[in-house]
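Peer 1: The amino acid sequence is not available; the structure is as follows:
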C-alpha cells in the first residue's frame, strides 16, 4: 500500500480491504510538512493537489484576482483578440492601465521562469497558473479549464488574450507570488439583446463574425455585467456605423431576446384555462383515458444510499436520476412498450385528458415511453412529461397510444433530486456552473445518500466513487467557485421509534427464515447476485427495502454485541456507512466472519462493526437463494474457466426464468432460461459441460436423466433436461465456436466491409459522424436482424471478457482512424463493435458501429476485433458526397463546418453508386429549405474560400506558420499574443449521445432527453 500505514498478509487481503481503506489512504512524506495542504477539487476529472505542496507558492483562482472596474464612460475602444461566437468573444481594452499591466505581467513571467527548474506541478481545474505557449514557448497566465484523467494534459484559457489550447502538465507552473493579481486583461463578452435563431449559433454566423471582427479595433458599449463581473454583455459599433446586434438580426443569424418574467397567479390560471378549453373542444364522445392514472413513485427513505445515473439535468437543484439496480427493469419495460405500441394503431378517437398516462413516441429516437399528459397548448398538440426519465416535450396527438394496465405496474423510475449542501452564488445558477456539472456527472454511475426531502424532491449528497479519493460533487462546486455552502434541511427522525426499537432487542425472541422457491413446477423470475459457477450461484426473487431501517436501528443502538456462530446480526462491511443483515460463520480474535444473507457472499468485519438485530428486522426472509444448474456437471473434476465464463455471460445482469427440479438443505437445482435460451442446453451445445452422471461425448439431441440424492439417502428425484432444438444444429460447428472466439488472431482492420445501400432510392439519412464531405457515416435504413446481432454481442462478450485483463493492443499499436475495433462503453461497461474516428495520446473517439452514437474512451477500453465478429455487417455504412473526384485531399475547416451545418439541418439522399469502399450519395436540401445540391454548394464554398484565404490551411487568426498576426504596436503591448488553436470540432468529436444498453439498432434505454442529436 502506498501510505505504508497498513500492512497486509497478501494481495487478496489488501484488495478486500481497499474499499474501506481508500478514503484514508495517503502517501507518507519523508519529512512531515509544516502545514497540512488543503484538499483541492476538480469539477471535470476529480484531480487533487499532491500531498507534497511547496510552501513557496499559493494556488490562485479567478476570485483572487482584482475586480477593479476599468471601463469608464458609456463607450470604450477595444481590440477584438479572439472570437468563438456572438455569445463568447474576447476584447482587449485600449486603456493605458490595462496595457501597462499586461506588459509588466509578461515581463515578470519570462524572468521568473527563465532559468528555474521546478518539479512536476499538477494544477487543478479553476486555478489560474502559468503556462508555456506552444508557438513561442513564452509564459502566460492561463486558466485551467479541464484536466485529463491521467493528469498529463490540461486545457488552458489564456486569460489575457482569450485563446485556448491543450498544454502538457510539464509546461505548467504555479503563478509566482511576485506577479500582480491583475484582473484578466482580455474581457470575456457576449452580444446583448439577441439570441440565436435556433438553440445555438450556426457555423456560418460564427465564421462571418470571426472574419468581420478578428484583430480589429471597435467601439464597445457596456450594457450589463454577468456572472459576478466575469462576463460583459456589450454591443459593438462596426466601421460602417452599424451595430453588431443589428448585423446579426439582418443576416438572419439572431432574433431579439425577449425578457421572460415569472408568470403571475392570474397568468397561470389563464394558461390552464386555455389548455382545458383546447382539450374539451374536440373531446365529446372520445376516449379521455381517465382510468390511466400515474403509477406510484419509487419509495426511498432518509439514509438510503443508492447507485444512480442522471437522465435529466437542469441545475444542481433540479436533476433526475434512475437507480442502477433498476436498469434491467427499465429495459424490460421499454421492450414491452415497443411490442404494445406496435400492435396498437393510432386512433383519432383517442384524446387523453390532462394528468392521465399514455404511451408517447419520443421525437428524437422514435421509441415509446410512458408519459403523463401535462397540457394542450393547441387543439392538436400536447405537452407530455416522461415518467421514467423526467424530461418533457410537445408532440402531436398522432404520437400517442393508449397504455395497458400491466405497463403501469412498475413504479415511476424517475427520482427528482436536488443537490444538498449548496446554493447559487447569485439569484440563480450560472450557465457555466450547469455546463461544468453536466461535464462532471453525466454518463457516469454515481452514489447518492438521501438526506431529506423538500417540495417533492430528494435532498441528496452525491459522490463519484470512481475517483481516488472519492469526490463529493457539492464540495467540487464550492471549491471551483460555482456555488456557496448551504445548510441541509433533513426529515427529522423519530427518537421514540428508535428507543422502542432498541428496547425490543431484549424482549423479543429471534426467529428467521430463508426465501423459498416453489417446487411444484411453477416458473419464477430470479435475479442473479453472485455467480461462482454453474454448480453454485445465488439469486434473489426480490429485494426488501431495509436499508433505511437497518441504518436507523444500528445508529440508535451502540450496544456491544457478543457474536456467536449461527446467530444473525447487523454488520457494517465497508466505509460507506451501509448496514446489512448477516449471519455469524466464525469468530476470531479481532474480527468476525459473516455471511450477507441477502446477497450471498462472505466478509470479514471488525467486532466494532457489529450490532444486535431485532425481530422486526428478521420478518423479511433472507433473500439470497443458493442454486445450481440442474442436469449438468463439469467435463472434468472441476468447472473449467470457459464454462464459468460462458455461464456468467449468459446469466449476469439478466432476468432469469427458473423452474425447480430438485432441492436439498443446501439449495435448489434449477432449470434456467436466459433471453429465451435454455442455459443447460447452450452449455451442452458448446461442449463445456456434460449430462449429469454420463461420460462426456459429442452433443446430440438427448434426454439427460439424473438422480439427486437427499441427505437421508432415501428419496431420489429424477428429472429431465431437454437440450431444445439448438443441439440439432450445433454439432461440429458448436465444438469449434469457443476455440474460434478465444484463439483467433485479432487486429484493427480498416478495410471492413460496409453495407451497400439500394441505388436511386430517396431517403432521409441518419448521419452519425462526419469526418469531411469525402467520408461520413450513416445508419442503414434497413431493419436490423436482432437475432443475428444478439449472437454477435454474446460472442463479443466472451471474447472481450477473456482478453480484457491483457494489456490493450491499442496502447501498443494505435489503430488508424477508420479502423474497426471492440470498445467498452462507459455507461454500462459492456463491449460493442466500434469504428475509430480519431486517435489521441491517451484516448480515442469511437463510433459504435451498431448503434450510431459515439464517445471518447481511454486506450485501455479498446481491443482489436477478430475476423469472425465482422461477418455480420455493421449497422452503420460509409458514405461519401458525390463528385469527390473534384474534392481536395484536405478540407478547410470553414468548409467542413458549412457541410456539417447542412447535414444537421436535414437533407435528402439517394445512392448514386458504390465505389467499393463507400456509398456515393447525392445529397440535396429538402424543398422546405429551398432545395439545392450539396455537391455544387461545397464546390462553390471551396472556391469562395480559396479566394478569401491566400493560405487555405491557415486558421483565420494565424499565418502560414501558425503565428498570430498581431495588431498594430500602438494598440497591443510588446510580446506576441499566443495564437488561437481552438477548432470547431467535427461531429465525430462532439457527438456524445448516450448509447443504449439494449443491443438494438434503436435506442430503447437511453433517456429521451432533448438536446444535440444526430441528424436523423
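Peer 2: Noted; the coordinates are in hand. Quantities reported herein were computed from a predicted structural model and do not represent experimental measurements.
Peer 1: use CA for all of it now, contacts and neighbours both
Peer 2: OK.
Peer 1: separation between residue 903 and residue 778?
Peer 2: Look at residue 903 and residue 778: by CA to CA, to the nearest Å, they are 11 Å apart.
Peer 1: What is the neighbour count of residue 683?
Peer 2: By other CA atoms under 10 Å, 21 other residues sit near residue 683.
Peer 1: Could you tell me the phi and psi values at it?
Peer 2: Backbone torsions of residue 683, given as degrees, to the nearest 10, read phi -70, psi -40.
Peer 1: Spatially, what comes nearest to it if we skip its sequence neighbours?
Peer 2: residue 689 (5.9 Å; CA to CA, 6 or more residues apart in numbering).
Peer 1: hang on, the earlier thing: and for residue 903 and residue 778, which residues touch both?
Peer 2: Counting by CA atoms under 8 Å, 6 or more residues apart in numbering, the residues touching both residue 903 and residue 778 are residue 767.
Peer 1: ok, the residue nearest to residue 683 - how many residues close by?
Peer 2: 26.
Peer 1: now residue 753
Peer 2: 17.
Peer 1: which residues does it contact?
Peer 2: 873, 917.
Peer 1: at 7 Å instead, please
Peer 2: residue 873 (CA atoms under 7 Å, 6 or more residues apart in numbering).
Peer 1: From residue 880, how far off is it?
Peer 2: 15 Å.
Peer 1: what does residue 428 give?
Peer 2: Counting by CA to CA, the gap from residue 428 to residue 880 is 46 Å.
Peer 1: of these two, who's got more company?
Peer 2: residue 880 (23 against 9).
Peer 1: Would you agree the more buried one is in contact with residue 921?
Peer 2: Yes: using CA atoms under 7 Å, residue 880 is in contact with residue 921, at 6.0 Å.
Peer 1: got the buried residues for stretch 564-583?
Peer 2: 568-574, 578-583 (16 or more other CA atoms under 10 Å).
Peer 1: Out of these, which one has the lowest pLDDT?
Peer 2: Within the set of the buried residues of stretch 564-583, pLDDT is lowest for residue 574 (66).
Peer 1: ok, which stretches of the stretch 51-200 of the chain are strands?
Peer 2: 60-61, 75-85, 88-93, 127-132, 139-147, 153-158, 164-168, 172-174, 186-191, 194-196 (DSSP state E, counting those that start in this stretch).
Peer 1: tell me how far the second one is from the chain's mean position?
Peer 2: Its chain's C-alpha centre and that of strand 75-85 lie 36 Å apart, by CA atoms, centre = their mean, to the nearest Å.
Peer 1: neighbouring contacts of it?
Peer 2: So strand 75-85 is in contact with 89-94, 161-163, 201, 206, 210, 213-222, going by CA under 7 Å, 6+ apart.
Peer 1: Emit the PyMOL select command for whichever of those residues are buried.
Peer 2: A single PyMOL command is used to select the members of the contacts of strand 75-85 judged buried by 16+ other CA under 10 Å:
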select buried, resi 89+90+91+92+93+94+161+162+163+201+206+210+213+214+215+216+217+218+220+221+222
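Peer 1: Residue 774 touches residue 880, doesn't it?
Peer 2: Yes: the criterion here is CA under 7 Å, and residue 774 meets it with residue 880 at 4.7 Å.
Peer 1: residue ranges of the helices in the stretch 151-300 of the chain, please?
Peer 2: Secondary structure of the stretch 151-300 of the chain (DSSP state H, counting those that start in this stretch): helices located at 203-213, 244-250, 265-280.
Peer 1: meant to ask about the stretch 651-800 of the chain, not that
Peer 2: 679-685, 727-743, 786-803.
Peer 1: Would you single out the least confident of those?
Peer 2: Minimum mean pLDDT among the helices of the stretch 651-800 of the chain: helix 727-743, a mean of 39.
Peer 1: residues contacting the residue nearest the centre of the chain?
Peer 2: Note on the chain: the residue nearest the mean C-alpha position is residue 443, at 0.9 Å, using CA atoms, centre = their mean. Shown in contact with residue 443 (CA under 7 Å, 6+ apart): 309, 827.
Peer 1: any idea how far it is from residue 829?
Peer 2: Using CA to CA, residue 443 is found at 11 Å from residue 829.
Peer 1: Kindly report the same for residue 823.
Peer 2: Applying CA to CA, the value for residue 823 to residue 829 is 9 Å.
Peer 1: which one of the two has more residues nearby?
Peer 2: Per other CA under 10 Å, whichever of residue 823 and residue 829 has more neighbours is residue 823, with 27 against 11.
Peer 1: Check which helix or strand the more buried one maps to.
Peer 2: For residue 823, the enclosing helix or strand under DSSP states H and E is strand 820-824.
Peer 1: Who are the packing partners of that strand?
Peer 2: Strand 820-824 sits against strand 831-839, strand 862-863, strand 865-866, with contacts defined as 3 or more CA pairs under 7 Å, 6 or more residues apart in numbering; DSSP states H and E.
Peer 1: now the longest one and helix 786-803, what's the angle there?
Peer 2: The reference is to strand 831-839. 70 degrees (axes from the mean of the first three to the mean of the last three CA atoms, to 10 degrees).
Peer 1: And the helix or strand that comes right after strand 831-839, what's buried?
Peer 2: Per DSSP H and E, the first helix or strand lying C-terminal to strand 831-839 is strand 843-848. By neighbour count on 16+ other CA under 10 Å, the buried set for strand 843-848 is 843, 844, 845, 846, 847, 848.
Peer 1: So for the nearest residue in space to the fifth one that is not next to it in sequence, what pLDDT did the model give?
Peer 2: In this case it means residue 847. Setting aside the residues directly before and after it, residue 847 is nearest to residue 854 in space (CA to CA, 6+ apart), at 4.3 Å. Listed pLDDT for residue 854 reads 92.
Peer 1: burial of residue 854, as a residue count?
Peer 2: 27.
Peer 1: pretty sure it is touching residue 848, no?
Peer 2: Yes: with contact defined as CA under 7 Å, residue 854 counts as touching residue 848 (5.9 Å).
Peer 1: Now list whatever residues contact both of these two.
Peer 2: Counting by CA under 7 Å, 6+ apart, nothing touches both residue 854 and residue 848.
Peer 1: tell me how far the strand holding residue 823 is from the chain's mean position?
Peer 2: For strand 820-824, the distance to the chain centre is 18 Å (CA atoms, centre = their mean).
Peer 1: Give me the mean pLDDT for that strand.
Peer 2: 92.
Peer 1: Partner strands of that strand, with direction?
Peer 2: strand 831-839 (antiparallel), strand 862-863 (antiparallel) (DSSP bridges).
Peer 1: So which of the ones you listed has the densest surroundings on average?
Peer 2: For the strands paired with strand 820-824, the largest average neighbour count (mean count of other CA atoms under 10 Å) is found in strand 862-863, namely a mean of 28.
Peer 1: for the record, mean pLDDT for that strand?
Peer 2: The model assigns strand 862-863 a mean pLDDT of 89.
Peer 1: What residues does residue 518 make contact with?
Peer 2: residue 660.
Peer 1: what about it, distance to residue 678?
Peer 2: Distance from residue 518 to residue 678, by CA to CA: 19 Å.
Peer 1: That'll do, ta.
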